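A.B. asks: dropping the sequence and predicted coords here.
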There are 2 protein chains.
Amino acid sequence: MKPRSGWHVPMSDIARNTINPIRRIVDTIELNPHPDKQMIALSIGDPTVFGNLEPAKVVVDAVVEAVQAIKFNGYAPSSGTATAKEAIAQYTSTPEFRVSAKDVYICSGCSSALEACITVLANAGDNILVPRPGFPLYQTLAHCIGIQTKFYDLLPERGWEADLEMLDAQIDSGTRAIVVNNPSNPCGSVFGKEHLRRILEIAARRRVPIIADEIYNHFVFPESEFYYIASLTDEVPVLSCSGLTKRFLVPGWRMGWITVHDQNHVLKDVRVGLQNLSTRTIGANTLVQAALPTILSDTPAEFFSATLQLVQANAEIAFKRLSEIKGLKPVMPSGAMYMMVGIDMARLPEFETDLQVVEAMVTEQSVFCLPGKCFDLANYVRLVLTVPQQFMHEACERLAQFFADHYVQSDADPSAEDV
Amino acid sequence: MKPRSGWHVPMSDIARNTINPIRRIVDTIELNPHPDKQMIALSIGDPTVFGNLEPAKVVVDAVVEAVQAIKFNGYAPSSGTATAKEAIAQYTSTPEFRVSAKDVYICSGCSSALEACITVLANAGDNILVPRPGFPLYQTLAHCIGIQTKFYDLLPERGWEADLEMLDAQIDSGTRAIVVNNPSNPCGSVFGKEHLRRILEIAARRRVPIIADEIYNHFVFPESEFYYIASLTDEVPVLSCSGLTKRFLVPGWRMGWITVHDQNHVLKDVRVGLQNLSTRTIGANTLVQAALPTILSDTPAEFFSATLQLVQANAEIAFKRLSEIKGLKPVMPSGAMYMMVGIDMARLPEFETDLQVVEAMVTEQSVFCLPGKCFDLANYVRLVLTVPQQFMHEACERLAQFFADHYVQSDADPSAEDV
Ligand SMILES: Cc1ncc(COP(=O)(O)O)c(C=O)c1O
Ligand SMILES: Cc1ncc(COP(=O)(O)O)c(C=O)c1O
């Protein structure tokens, strides 16, 4: 071996290819808020940052009790304690949809659950299908280990339903999974039963398993209903990912899980794989695991409905006000905690990209939304709906001002209502 | 694309290659404890399982306070909060050895810290050097992503110091890191300053960075001293891994960290890589992060010395008693919480392997130790030293009985003391 002449310590390919698109984009944006206007960040998908949303008291008490018991400090089995798994199985089950403790794998947050599911199903060179617009973590987790991603579109004009033809057409011999995110980040859309069945029909016919990112399970406005996609099939194998993060308002606790749905016993190998993967980092915090039975069964229904009311009220405020603004086209959500708003770039000749619009909204109005580009869809911005109501109002008024300042009427368009 | 004719869902190569050697070996052992003897498990490296070792009250209280503050439920930055990083930097620093918050990356347990360090330094096809006997997780984490491992031996006759010639000889052009585990699992050995300097000298000459697994930092008997290997070099870049797990007796909390030591600024790229990797799963529980400043600065010295006293007393009991037993050769540890005991297989003609001996010790005496094979060293067993003292006594007596029953004198050996 030739002696090394100096220190040369590059990072590995995996580390280099672990790219967080949101950070990569946001870091290039110049954020210079207007000095006279308090910044309103509608960008951060963390419902706790404004201090208006706290976990339920019973949840906090359950963790305090677990800490004080001095009984839950040791290692748990790497995929979770039997008691916590049982609690998750009961929480997920309905009379028609049975999940048992042996189907549950506890992970450190839903992100770790997704990492395990993507890693267990695909090899470098294989591909998985992901929604566009979609949560960019799927790509981060796939690309870093050489798994490719192919998009299927969600269609704003159909309430962000999947383009089923495209979904079908994108499947090839290397496709190892379809990622279905319902309710959706960034769209706030909720798939109906029929639409989920159509997705399942394609997965069944093409024999592609589904990774269901259901972290916003039950996080839907009263007019909608949430269905676990696995509850609607007796054929397609499904790995469903969820956790406490969103519904229980505790993202920092890092408590997530996978439930394996496999009525035809085709995931035996995959279950072994999930177990194997869990031994790398030995799972989730045991204090939260110990509190899980109480958290999942005793959180009052009013807690969940209060969060949803706040989100829905903000959605209605934003939808109503932004619909009146020329140049904006909000799409009303049905759940989760986001709204996508289309931007009519053709009428904003000062700007070339939605990124520039976002930048200018910060500079002039101190309102920060994530550009659609973060979710692979140009000419949109994503609004977070968990902010205190007065911020929502204020942000909308500022956007009205912004678009009044920049929107240019097109005389050439005779059909435009505003002529 | 040819239609898939049935469901065929194999696990990926990464999942298949994630092999936990301990589980693989232990699962093949037939464990049928003697019905009249209570099982004594000296196998589990979890200091909390016997209920005799609890975290300090200040530690428990700090977490309770963090939970009740309702201020630490949101996402932390993926590599940890600034406050927690600062606390770790202060905890690790001495007047001569400065660590700053920007050098700290918080992870979900020391296992995740090791995963990040191995993943960031090596590509598939590269290799890292690992100690033999050694903690098998290094191999698990390397092999699953195609990184090879090469052994350097620890020598029992030299108190488990590294075979430096072998270490040097094993380095080749594909070597990306040397893993140094000090204090050692499974040996309980503690490297002196001089020995650490010799390892550093090789690393410097061959220009190979060090991954220091220092999860047992400060976990040494009063006669020994612990040195961070990074504190003894101004040349070799070191990624040191540690956490709360062992010293604070809370393995289930999953709180670990990396400190980056890089006096010559050769790890700029690697720091970016560690940051990238942290975005995959977004780090450690925020409640424990919030409690970290108090935990690290207010845990009383007596708490640590009490644990060490218990471990050292057990080490002395076991060493003294097992030294008297024909067929056993204990090696006295200086720290951590383990002792390796050699088995003279030549005098146990009924058994072919240490695995069979371990199995028979369970069947006849209900004493379970891990076979050396779990750590890649045959003809040894590893004893865990955190058990209540009466169990240690009882286990030793049962081992005495076991070896009295099976040890066969060799008449052919004139030098044997026992002739
Ligand atoms: C769709 C979706 N999946 C997964 C996650 C990650 O959840 P966790 O914080 O539990 O890792 C998020 C977080 O924003 C999300 O929006
Ligand atoms: C040498 C060594 N390193 C790392 C670990 C893992 O520590 P953690 O539980 O913090 O992941 C252990 C646990 O036994 C160990 O013995």
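C.D. replies: Structure's in. What do you need? Ligands and ions are numbered 1, 2, ... in the order given.
A.B. asks: mind checking what secondary structure the spatially most central residue of chain A has?
C.D. replies: For chain A, the residue nearest the mean C-alpha position is A:Asn185 (4.0 Å; CA atoms, centre = their mean). A:Asn185 falls in the coil class when you classify it by DSSP: H, G, I helix; E, B strand; the rest coil.
A.B. asks: ok, A:Glu316 next?
C.D. replies: helix.
A.B. asks: just to revisit the earlier point, tell me who's in contact with the residue nearest to the centre of chain A.
C.D. replies: A:Asn185 makes contact with A:45, A:134-135, A:216, A:336, A:338, according to CB atoms under 8 Å, 6 or more residues apart in numbering or on different chains. Quick note: C-beta positions are derived from backbone N, CA and C, even for glycine.
A.B. asks: give me that answer again for 6 Å
C.D. replies: A:135, A:336, A:338 (CB atoms under 6 Å, 6 or more residues apart in numbering or on different chains).
A.B. asks: now A:Met166: closest residue in space that isn't a chain neighbour?
C.D. replies: A:Tyr152 (5.0 Å; CB to CB, 6 or more residues apart in numbering or on different chains).
A.B. asks: before we move on, what about A:Lys37?
C.D. replies: Nearest non-adjacent residue to A:Lys37 (CB to CB, 6+ apart): A:Ser366, at 3.9 Å.
A.B. asks: how about A:Glu65?
C.D. replies: Per CB to CB, 6+ apart, closest to A:Glu65 is A:Ala291, 7.1 Å.
A.B. asks: how about residues contacting stretch A:235-246?
C.D. replies: Stretch A:235-246 has contacts (CB under 6 Å, 6+ apart) with A:110, A:113-114, A:117, A:200, A:203-204, A:209-217, A:219, A:230, A:250-251, A:253, A:255-256, A:258-262, A:266-267.
A.B. asks: in it, what's buried?
C.D. replies: Neighbour counts over stretch A:235-246 (16 or more other CB atoms under 10 Å in any protein chain shown) mark A:236-246 as buried.
A.B. asks: surely A:Ile215 touches A:Ser111?
C.D. replies: No - using CB atoms under 6 Å, A:Ile215 makes no contact with A:Ser111, being 9.3 Å away.
A.B. asks: so what's A:Tyr105 up against?
C.D. replies: A:79, A:258, A:274 are the contacts of A:Tyr105 under CB under 6 Å, 6+ apart.
A.B. asks: partners of whichever strand or helix holds it, with directions?
C.D. replies: Element membership of A:Tyr105, judged by DSSP states H and E, is strand A:104-107. Paired strands of strand A:104-107, with direction, are strand A:256-261 (antiparallel) (DSSP bridges).
A.B. asks: per-residue pLDDT of A:Ala416, please?
C.D. replies: pLDDT recorded at A:Ala416 is 47.
A.B. asks: I'd like to know how many residues surround the residue of chain A at minimum distance from ligand 2.
C.D. replies: As assessed by CB to the nearest ligand atom, ligand 2 sits closest to A:Ile282 within chain A, at 5.7 Å. Each residue near A:Ile282 was counted by other CB atoms under 10 Å in any protein chain shown, and the total is 23.
A.B. asks: any idea how far it is from ligand 1?
C.D. replies: Per CB to the nearest ligand atom, to the nearest Å, A:Ile282 is found 17 Å from ligand 1.
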